[in-house]
Each structure stands twice: as C-alpha cells, then as structure tokens.
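>>> the following block contains a protein sequence and its predicted model.
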Amino acid sequence: MPDAVLYFAHPTAVLDEGCRIGKGCRIWHFSHLMTGCQLGPGCSIGQNVMIAPGVVLGQNVKVQNNVSLYSGVTCADDVFLGPSVVFTNVRNPRSAVPRRDQYQPTVLERGVSVGANSTIVCGVRLGEYAFVGAGSVITRDVPAYALVYGNPARQHGWMSRQGHRLQFNPEGIAVCPESKEQYQLQNNKVFPFSTRTNP
C-alpha cells in the first residue's frame, strides 16, 4: 500500500494492495484503485472512479466522476477525462468467450481532453492536446491538436493547448486567443511554432 502521508484518499475509497499512487494525488468518494495500476504525481480522481490493473496515469491527470479506466489504458501528463467517460479493452466481447489475453492498448498523449459521456473504443491513440467533444464515440486514432466529436467521432477543426478553437489564415497560421501562441497547419498536421520542424 502506498504511503498515505503523500496523498489524500477519502475513507470510502478502496485502494488495493499493490496500486501505486504519486505524491499529491487526491482520490475521492467510492473510487476503486486496483492492484497494479499506477498514478503519477498530482492526479485528481473524482467520485466513483474505477482504475483497473495495468492502467498508467501520468502527472496531473484529472479524472472526473463515474469514469471507468480498463486494463490497457495509458494517459500521459495533463490528460483530462470528463464525467462518465468509458474505456474498453476488447473490440469483440462475448460473455462466453474469454479474451483476457487479447486486451488492446489505448494511449492518450499529453494534454488530451475527453468530454463527458464519451466512449473510447480500445486500440486507438489520441495525439497530444486532442480535444474530444462531449458524448463522442472514438473508434480510430485522433491527430494531435484535433477537435473531434460525434458518433462515430469526426474531426471538425483544431484546438490550441489552452483549449481554444484555432482559425487558420490563408498562410496556414493561427493564434491562440488566450496564450497568443502561434500554430501552423502544414500537410494536415498542426504544429506550435515552438516545436515545429521543417519537413
């Protein structure tokens, strides 16, 4: 069991032996962290959250109420999961057919936001700072900085790191209205100027 001095857990939370909890994490009512899951420093776990064995959360991941994270899920730093987001780990489940050896990985890269009541079907990768609108069903990979929503989710634009929709000029340049950071759209990919490399 992790050192409880380093984190806060509500008395109703269930923390199984062998889960790893980083410094400064906060775990709220009726949540269940199972053996073998791992939380980085500063994570916030809302009410009634289930985190299965093998799930890895990076630093400062925020998981809102009623989220289920099943084995195979990895979230990088600064990921946000809205209320009642659900992950899967098998694409063709049958109650009578054991498929525990067929779990497919799902990866959310740094800064991804997933809106309330969305479902992430296993075996996909969400690129850094991708933004998933509420109630969406993700069935395929999502590019970095993409705005997607719907069932199945489709791309409807691009988002900045601060979560603002980007409006590109004819030269393919956009400016975040909050941070004033510039972005370039090139070959259907978005790059912040601070990280852009020449093709």
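Okay, I see it. Numbers count the residues shown, from 1 in each chain.

>>> quick one, domains of the protein?
Domains of the chain are assigned by automatic domain parsing as 4-92+101-159, 167-199.

>>> of those, flag the one that's most buried.
domain 4-92+101-159 (a mean of 19; mean count of other CB atoms under 10 Å). (Glycine included, C-beta is placed from N, CA and C.)

>>> ok so, going back, considering the domains of the chain, which stretch scores lowest in mean pLDDT?
Looking at the domains of the chain, the lowest mean pLDDT belongs to domain 167-199 (a mean of 87).

>>> pull the distance from it to the chain's centre.
23 Å (CA atoms, centre = their mean, to the nearest Å).

>>> tell me the residue furthest from the middle of this structure?
With distances taken as CA atoms, centre = their mean, the residue sitting farthest from the centre of the chain turns out to be Pro170, at 32.0 Å.

>>> would you state the helices of the protein in chain order?
Using DSSP state H, the chain contains no helices.

>>> ok, now how distant is Ala116 from Arg26?
20 Å (CB to CB, to the nearest Å).

>>> ugh, typo on my part, it should be Ile173
Using CB to CB, one gets 40 Å for the distance from Ile173 to Arg26.

>>> and what of Pro170?
Pro170 is 46 Å from Arg26, by CB to CB.

>>> cool, and Gly123?
Taken as CB to CB, the span from Gly123 to Arg26 is 31 Å.

>>> now swap in Gly135 and tell me
With CB to CB as the criterion, Gly135 and Arg26 are 27 Å apart.

>>> check Val49 too.
11 Å.

>>> how about Thr119?
Counting by CB to CB, the gap from Thr119 to Arg26 is 25 Å.

>>> over to Thr35?
Taking CB to CB, one finds Thr35 at 21 Å from Arg26.

>>> cool, and Thr106?
24 Å.

>>> endpoints of stretch 51-69, how far apart?
5 Å (CA to CA, to the nearest Å).

>>> with stretch 20-30 instead?
18 Å.

>>> quick one: contacts of that stretch?
Residues outside stretch 20-30 that contact it (CB atoms under 8 Å, 6 or more residues apart in numbering): 2, 6-10, 12-13, 15, 33, 37-49, 59, 65.

>>> please repeat the previous calculation with a cut-off of 7 Å.
2, 6-10, 12-13, 33, 38-48 (CB atoms under 7 Å, 6 or more residues apart in numbering).

>>> repeat that for stretch 92-99.
For stretch 92-99, the surrounding residues in contact (CB under 7 Å, 6+ apart) are Val90.

>>> repeat that for stretch 56-71.
38-55, 74-89, 103.

>>> that concludes my questions; thank you for your assistance.
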